[in-house]
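>>> sequence first, then the predicted structure:
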Amino acid sequence: IKAQKEAEEKAKEENSKENNKDGSKGNSSETSESSEPVYQDIAEFLELNGIAIDYSNYVVGDSYPVETQENDWQGIATAGPGNKLVAFEFTVKNNNAEDYNLDMGAMKIKASVKVNDLMTKSPLTTLLMNDFMFYRGTIPAGQSENLVLLIELSENDAQTISSALLTVKKDDRKMQTTLL
């Protein structure tokens with residue numbers, strides 16, 4: 001296995017050198033496609049001063065949120081037939097001394113989640129009040145909000161998640177972080 005990995009790394013290096021010979025520029029901020037864990041700070045990348053964004057958990061189910069109140073007007077997101085929703089949950093904490101107005105939708109970011117090094121999924125667009133991609137609200141000083149990024153997978157794929165890599169793009173920049 002070690003020899004195979006070394007051969008794959010050598011092939012990647014040679015391929016990278018070949019790509020640069022044609023005049024294309026290598027991008028040092030690009031993350032390799034290996035399954036090595038990658039950790040980049042989401043809040044720092046999005047230039048959110050005094051904010052911490054930490055991945056906390058993922059939940060698999062037919063719908064999200066799993067528990068709702070009778071008067072919950074935001075509704076729920078539901079998976080299609082034969083599929084499951086995977087909700088990647090994040091804690092967003094305001095470490096500032098003042099309230100922080102956070103408008104994720106105005107940042108015009110794009111995101112994707114690569115699951116099990118096999119498939120890349122874009123997050124679902126929802127009307128959930130805590131949708132990571134479109135959250136708009138005020139986080140009181142020292143307080144946190146729980147935001148969620150939803151993807152839909154086949155039932156089998158959702159039950160066999162072993163790794164997840166989040167990619168976030170803003171303008172011409174890109175960052176990646178390993179969720180699990």
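Arrived safely.
>>> pLDDT below threshold where in the protein?
Applying pLDDT under 70 to the chain picks out residues 1-38, 67-74.
>>> let me know the secondary structure of Glu44.
Three-state assignment for Glu44 (DSSP: H, G, I helix; E, B strand; the rest coil): helix.
>>> and the gap between it and Glu152?
Noted for Glu44: a distance of 29 Å to Glu152, by Cβ to Cβ, to the nearest Å. C-beta coordinates here come from the backbone N, C-alpha and C atoms, glycine included.
>>> compare these two (neighbour count), which wins?
The neighbour comparison of Glu44 against Glu152 (other Cβ atoms under 10 Å) goes to Glu152, with 18 against 13.
>>> wasn't the more buried one part of a strand?
Yes: judged by three-state DSSP, Glu152 forms part of a strand.
>>> which ones are touching it?
Glu152 sits next to 79-80, 83-86, 121, 124 when contact means Cβ atoms under 8 Å, 6 or more residues apart in numbering.
>>> if it is in a bridge, with which residues?
Beta-bridge pairing for Glu152 (DSSP bridges): Leu85.
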